[in-house]
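# what's the 3D shape of this:
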Amino acid sequence: MLYINLILLFYLLHLNWMLLLKGENIENKWYQYCNNFNKNYSLPFEDTIRQNIFKETINFIKKHNKKFQNGLVSYDLGINHLSDLTNYEYFQKYLQYYYYHNINNKNNKNNLYDKILKRKIQQRKIKFHQMLPRSDIPETINWLKYGYKNKIIDQENCKNSYILASISTMEAHYYIKYKKLIQLSTNNILKCIKRLGNFDCNIGGSIERIYQYGMLFGIPLENNIEKNNITCRNERKSFYIKKIYISIPMINSTTTETTTTRLPSSSLSPSSSSLSSIANALVESKLYDMNIIQNENIIINSNEIAMQQAIAFYGPVTAAIDARLDTFRLYRGGLYYDSNCSSTLNETNHFVTVIGYGKMNDNTGKEYWLIRNSFGNDWGVNGYMFLIRNLNNHCGIGTYFIYPEVA
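Residues are numbered from 1 along each chain as shown. Alright, predicted model coming up:
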C-alpha cells in the first residue's frame with residue numbers, strides 16, 4: 001500500500017510540474033471549488049494531492065467540452081463535488097462490484113428472507129406477459145410532469161445507490177397511486193436490510209432485497225423515526241409492496257407461457273383501451289428468489305422496449321447501469337453517449353431510477369432515457385441525466401430493472 005501511495009504521489013507531483021510548465025495556474029479556482037463544495041483538507045500534503053487531481057480534471061473537462069463545441073460529442077462536462085477524486089476513488093466510494101445475483105449466493109442461504117420464504121410461500125405463480133407493438137407505446141413520458149418531484153439525495157461516500165434508486169421508484173409509485181408525496185426512510189433500510197442478507201455502505205447491495213424488505217416488513221417514513229434510534233421492529237410502517245415486477249436477462253429457454261394481465265388503474269398514467277398487457281420481459285410474483293427462478297430455467301428477455309412499456313403503463317423503474325466512466329462522473333448536460341460504456345450485465349455497478357423517456361428537442365431528435373441519479377443536485381441537470389435510448393442497450397440500461405405495485 002505504501003509503495004502504491006508513493007507512486008501516486010510521484011505521478012501527481014509530475015502532473016503539477018507539467019501544468020506549471022504550460023503556464024496553467026488555477027490555484028484560485030481550486031480554493032473557490034473547496035469553498036463552493038465545502039471541501040476541507042487540513043493536511044497540506046492531502047490538499048496538494050487533491051489540488052493536482054482537480055487540475056487534471058479541469059484539463060479533461062476542457063478537452064471534452066472543446067469536442068462538444070465542435071459538435072463531435074452530444075453532451076458536456078462540468079465541475080461537481082466529485083471533481084477532486086480519481087476514477088479509482090470514485091468507484092471505491094460510490095459504485096459497487098456486485099450486481100444483482102451476486103447477492104443471492106450460497107453465503108446468504110440462512111438469512112431471514114429465505115426462512116420466511118420457505119415458511120410462507122407454498123405455491124409461486126410466475127406469469128409471462130405479451131409485448132405490445134412499439135407503435136402502441138406512447139412516444140414520450142415524463143413522470144416529473146405528473147407531479148412526482150421528490151428531492152434528489154446524495155450518496156455521500158456510500159455505496160447505497162441500490163437503496164436510493166429503489167426508494168425513489170417506490171415513492172414515485174406511491175404518488176401515482178395515492179397522489180401524495182412521501183419520503184421513505186433510507187436510514188431504516190440501511191440498518192435493517194442486513195436481516196435479509198444485504199450489505200452496507202462499504203460494499204453495496206441488491207435492489208431485489210430492498211423490494212423484498214418492503215413487501216415483508218414495510219418501510220417507515222423518514223419523519224416517523226429518529227436517525228439514531230432505529231430498532232427495525234417498532235417503527236410505524238407506512239409503505240408496503242403488494243407485488244414485484246422484475247426483468248431477468250437470460251438466454252436459454254425451455255418453455256414459455258403467455259398470459260394477459262390487466263394494468264393497474266391510475267388517474268395519472270396514460271390510458272388506452274388497447275393497452276391491456278405489459279412487457280414479456282417482466283415477471284409478476286408475490287415473492288420470489290432468483291436462485292429458484294434460475295433453477296427452473298424460466299427465461300424472460302429484458303430489453304429497452306420492455307422497459308419503455310413498463311415506464312409508460314406502470315411508472316418509473318429501478319435499473320442497473322455502468323457508471324464507472326469519468327464522463328459519467330462529470331456529466332453536466334446533453335445526451336450522454338460514451339462508446340466505452342458497457343452494455344453487459346456483469347459490468348453494471350450502479351443503480352438509478354428511470355423516470356421517463358422521449359426525444360431530444362434539437363435538430364437530431366435522438367431518443368433518450370430520463371435518469372434520476374443519487375449524486376445530488378450539483379451533478380448533471382439538477383441531478384438528472386439524458387441517456388441515449390435504443391442504441392445497443394447503452395450502459396446496460398435495459399438489462400435489469402425492477403418496480404413495485406404498492407399496497
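# Do a quick rundown of the helices in the stretch 151-300 of the chain.
Applying DSSP state H, counting those that start in this stretch to the stretch 151-300 of the chain gives helices spanning 161-178, 186-192, 207-216, 290-295.
# Quickly, which of those bottoms out on average pLDDT?
Here these differ in mean pLDDT, and the lowest is helix 290-295 at a mean of 32.
# still on that earlier bit, how about the helices of the stretch 151-300 of the chain, which one is nearest Asn150?
Closest to Asn150 of these, according to CB to CB: helix 161-178, at 5.4 Å. (C-beta placed from N, C-alpha, C; glycine too.)
# by contact count, what packs against the closest one?
helix 186-192, helix 207-216, strand 317-321, strand 350-359, strand 401-406 (3 or more CB pairs under 8 Å, 6 or more residues apart in numbering; DSSP states H and E).
# So which of these is the most surrounded?
Each of the helices and strands packed on helix 161-178 was scored by mean neighbour count; the highest is strand 317-321, a mean of 29, by mean count of other CB atoms under 10 Å.
# got the CA positions of whichever helix or strand comes after that strand in CSV?
As assigned by DSSP states H and E, the chain's next helix or strand after strand 317-321 is helix 326-329. Presented in CSV, the C-alpha positions along helix 326-329 are these (Å, rounded to 0.1, in the frame of the first residue of the first chain):
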residue,chain,number,x,y,z
ASP,A,326,-15.2,9.8,-15.9
THR,A,327,-17.6,11.2,-18.5
PHE,A,328,-20.5,9.8,-16.3
ARG,A,329,-18.9,11.2,-13.1
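# So what angle separates the directions of the next helix or strand after helix 326-329 and strand 350-359?
Using DSSP H and E, the next helix or strand after helix 326-329 towards the C-terminus is strand 331-336. Computed by axes from the mean of the first three to the mean of the last three CA atoms, to 10 degrees, the angle separating strand 331-336 from strand 350-359 equals 50 degrees.
# Summarise which helices and strands strand 331-336 is packed against.
Using 3+ CB pairs under 8 Å, 6+ apart, strand 331-336 sits against strand 75-77, strand 384-388.
# One more pass at 10 Å, please.
For strand 331-336, the packing partners by 3 or more CB pairs under 10 Å, 6 or more residues apart in numbering; DSSP states H and E come out as helix 44-69, strand 75-77, strand 367-372, strand 384-388.
# Just tell me which of these ends up closest to Leu181.
Closest of the helices and strands packed on strand 331-336 to Leu181 is strand 367-372, at 14.4 Å (criterion: CB to CB).
# Adjacent strands (with direction) for that closest one?
strand 350-359 (antiparallel), strand 384-388 (antiparallel) (DSSP bridges).
# now the ones you listed as JSON lines including distance to Asn303 and mean pLDDT?
JSON lines is the format used below for the strands paired with strand 367-372 (distance: least, CB to CB, whole Å; pLDDT from 0 to 100):
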{"stretch": "strand 350-359", "distance to Asn303": "13", "mean pLDDT": "96"}
{"stretch": "strand 384-388", "distance to Asn303": "15", "mean pLDDT": "98"}
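# Among the helices of the stretch 151-300 of the chain, single out whichever gets nearest to Lys67.
Closest to Lys67 of the helices of the stretch 151-300 of the chain is helix 161-178 (CB to CB; 28.4 Å).
# Give the buried residues for that closest one.
161-177 (16 or more other CB atoms under 10 Å).
# quick one: that helix to strand 401-406, angle?
Computed by the same axes, to 10 degrees, the angle separating helix 161-178 from strand 401-406 equals 40 degrees.
# got the CA positions of helix 161-178 in PDB?
Extracted in PDB, the C-alpha atoms of helix 161-178 (Å, rounded to 0.1, in the frame of the first residue of the first chain):
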ATOM      1  CA  SER A 161     -27.500   3.700  -4.800                       C
ATOM      2  CA  TYR A 162     -29.300   0.300  -4.600                       C
ATOM      3  CA  ILE A 163     -31.300   1.800  -1.700                       C
ATOM      4  CA  LEU A 164     -31.800   5.400  -3.000                       C
ATOM      5  CA  ALA A 165     -32.800   4.300  -6.500                       C
ATOM      6  CA  SER A 166     -35.300   1.700  -5.100                       C
ATOM      7  CA  ILE A 167     -36.700   4.200  -2.600                       C
ATOM      8  CA  SER A 168     -37.200   6.800  -5.400                       C
ATOM      9  CA  THR A 169     -39.000   4.300  -7.500                       C
ATOM     10  CA  MET A 170     -41.300   3.200  -4.600                       C
ATOM     11  CA  GLU A 171     -42.100   6.900  -3.700                       C
ATOM     12  CA  ALA A 172     -43.000   7.600  -7.300                       C
ATOM     13  CA  HIS A 173     -45.400   4.600  -7.500                       C
ATOM     14  CA  TYR A 174     -46.900   5.600  -4.200                       C
ATOM     15  CA  TYR A 175     -47.500   9.100  -5.700                       C
ATOM     16  CA  ILE A 176     -49.000   7.600  -8.900                       C
ATOM     17  CA  LYS A 177     -51.500   5.600  -6.800                       C
ATOM     18  CA  TYR A 178     -52.400   8.000  -4.000                       C
END
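# For the helix or strand containing Tyr33, output the C-alpha coordinates as CSV.
Secondary structure assignment for Tyr33, by DSSP H and E: helix 27-36. Backbone C-alpha positions of helix 27-36 (Å, rounded to 0.1, in the frame of the first residue of the first chain) are rendered in CSV as follows:
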residue,chain,number,x,y,z
GLU,A,27,-5.0,27.8,-7.7
ASN,A,28,-7.7,30.4,-7.2
LYS,A,29,-10.2,28.0,-8.9
TRP,A,30,-9.2,25.3,-6.5
TYR,A,31,-9.9,27.4,-3.4
GLN,A,32,-13.2,28.6,-4.9
TYR,A,33,-14.1,24.9,-5.6
CYS,A,34,-13.3,24.0,-2.0
ASN,A,35,-15.4,26.8,-0.7
ASN,A,36,-18.4,26.0,-3.0
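# Would you mind listing the outside residues contacting that helix?
Residues outside helix 27-36 that contact it (CB atoms under 10 Å, 6 or more residues apart in numbering): 26, 39-41, 47, 50-52, 54-55, 57-58, 79-81, 83-84, 378.
# Swap in 6 Å and give it another go.
The contact list for helix 27-36, computed with CB atoms under 6 Å, 6 or more residues apart in numbering, reads Gln51, Phe54.
# what angle do it and helix 44-69 make?
For helix 27-36 against helix 44-69, the angle by the same axes, to 10 degrees is 100 degrees.
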